[in-house]
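Trainee: sequence? don't have it. structure:
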């Protein structure tokens, strides 16, 4: 198991503090009997938005909206209907107009079921142009 | 099999002319191995919008948008991954501000897999108030 | 507002006791800015399964699985991202091989946002044949 | 724009031959007015399965099923409701028990809207153990 965005798994794991609980819905499974590969991105999105809201950075009627620029997921364990997980998010890197977010999903035994990462870019929804993040936002994002 | 919105199944079946093809996606199945009960509403929506577009009644940046007021589906046959279907739609009744649409889904043998219906209301997206349908629209809707 | 499966709304409302909380996910909205019409059926399914589990009637590796036979939803209010709701379910009628379930979704003010109903049939997953519900199950289902 | 799994974009682009058409569904959009970030993974899955089927490598009742081991997507352009795209897939690398697949999504002008990649592992659905790909399969996969 080598994941390009994780140097040391134990250290990486210790750097998260924000999480939300999720429970697998029946409609998120597929005929192979497990969680469909598209469902973790729903969990990532829910956790990402709650994380941004906790930092005051997800405002619905805003002049700058966060748009996903890339996204990836590593499936370390199969997930099943009715199981409960904690979805962790952190800002791994904060740029001038973008964020690199990391994701970690733990099962009830505390084992890592999924890891992930992805870049968000703040854009002006009318012009489509990138928007600089205020300095106080950047500081807030990297604080635990 | 008695479905409140269908008097005579053979006659009802003969009243449809507009349809779109769909093919069941893997992600639309669930762990019971069949199409999840939420997926037919995705098919209904796709067929409904194509039907409205064919009548010039689905315009994205419009002053009147169609909002679903109620929706129902009768599951006559189980559906499976990779199967192909035709999703038929018709305007069963056209009111002043709303439409009653009927849906019929046929499998490749021509058997009815699903039936459905639902009411659409045209509203002004800014005020939320209902909007009257122009007379020429109403005529167009009931024409085959 | 007249809904065929509700005689008296105030009385109907008072007959529910089981509910689960849900919060609208971003991915459940659409470009009209509200919850997409397909999403309530995801909420109904989650509530239905929790209700059946609470009665011991949803067992994953079972000889009888509940299959949706019909389903309907009345959209009384538009729902929006990040809003919280309670999804109520009850067994309105218990037959020999099937259940008629009713659904009620309340917003945070206690107003009804959605109502719904649908029939579930218990079938043998191998043969596809209907399976009779044991008497003690039937009694448990109608008990609050 | 630098994407780790693409060395030279023009060359990379020329290496695809298999594709399927998709059209964005209304339910795949979100309140930002564009395609939700989770939807491209549905398109990838549909294209992936069609690709595997075209090689005889997706058999529903099989002793070896393909399970997604990792998945990533780069969003080069925003996508909108009702737009049509071609989703290309190729086997970038074929291992003993796994495949590395690449994805490219072109808009109607022939511009790249999305790129992606992900690893598939063949496992025995009963034991969960990896299964070796037959030599003739491996050869077939890298042939255009």
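Mentor: Happy to help now that I have it. These numbers come from a predicted model, not from an experiment. Numbering: from 1, shown residues only, chains lettered A, B, ... in the order given.

Trainee: Can you name the residues of chain A that neighbour chain D?
Mentor: For chain A, the residues found near chain D under the criterion C-beta under 8 Å from any C-beta of the partner chain are A:3-4, A:31-33, A:36-38, A:41-42, A:45, A:60, A:65, A:67-75, A:78, A:125, A:128. Backbone N, C-alpha and C define where each C-beta goes, glycine included.

Trainee: So which of the residues you listed are in strands?
Mentor: The members of these that map onto strands under DSSP state E are A:65, A:67, A:68, A:69, A:70, A:71, A:72, A:73, A:74, A:75.

Trainee: How about residues contacting the host helix or strand of residue A:141?
Mentor: In this assignment (DSSP states H and E), residue A:141 forms part of helix A:135-142. Helix A:135-142 is contacted from outside by A:55, A:56, A:57, A:91, A:94, A:99, A:133, using C-beta atoms under 8 Å, 6 or more residues apart in numbering or on different chains.

Trainee: count of neighbours near residue A:78?
Mentor: 14 (other C-beta atoms under 10 Å in any protein chain shown).

Trainee: still on that earlier bit, now the buried members of the ones in strands among the residues of chain A next to chain D.
Mentor: A:65, A:67, A:68, A:69, A:70, A:71, A:72, A:73, A:74, A:75 (16 or more other C-beta atoms under 10 Å in any protein chain shown).

Trainee: List the residues that contact the second one.
Mentor: With C-beta under 8 Å, 6+ apart as the criterion, the residues that contact residue A:67 are A:120, A:121, A:122, A:123, D:32, D:75, D:78.

Trainee: at 7 Å what do you get?
Mentor: Residue A:67 sits next to A:120, A:121, A:123 when contact means C-beta atoms under 7 Å, 6 or more residues apart in numbering or on different chains.

Trainee: In chain A, where is pLDDT below threshold?
Mentor: For chain A, residues meeting the criterion pLDDT under 70 lie at A:1, A:59-61, A:144.

Trainee: What's the separation between residue A:82 and chain D?
Mentor: To chain D, residue A:82 is 19 Å away according to C-beta to the nearest C-beta, to the nearest Å.

Trainee: hey, which helix is longest across chain A?
Mentor: helix A:39-54 (DSSP state H).

Trainee: check whether that helix contacts chain B.
Mentor: No: on the criterion C-beta under 7 Å from any C-beta of the partner chain, helix A:39-54 is out of touch with chain B, staying 8.5 Å away.

Trainee: right, is that helix up against chain C?
Mentor: Yes: using C-beta under 7 Å from any C-beta, we find that helix A:39-54 touches chain C at A:42, A:45, A:46, A:49.

Trainee: For stretch A:10-24, which outside residues touch it?
Mentor: For stretch A:10-24, the surrounding residues in contact (C-beta under 7 Å, 6+ apart) are A:6, A:35, A:43, A:46-47, A:50-51, A:54, A:79-90, A:104, A:144.

Trainee: now stretch A:35-45
Mentor: Against stretch A:35-45 from outside (C-beta under 7 Å, 6+ apart): A:22, A:24, A:28-30, A:71, A:73, A:75, A:79-80, A:87, A:103, A:105, A:114, A:116, B:27, C:25-27, D:37-38, D:41-42, D:45, D:68, D:71.

Trainee: could you redo the last one with a cut-off of 6 Å?
Mentor: Contacts of stretch A:35-45 from elsewhere in the structure, counted by C-beta atoms under 6 Å, 6 or more residues apart in numbering or on different chains, are A:22, A:24, A:28-30, A:73, A:79, A:87, A:103, A:114, A:116, B:27, C:26-27, D:38, D:41-42, D:68.

Trainee: next one: stretch A:70-87
Mentor: Contacts for stretch A:70-87 (C-beta under 6 Å, 6+ apart): A:3, A:19-24, A:26, A:29, A:34-35, A:40, A:43, A:47, A:105-108, A:112-119, B:31, D:68-74.
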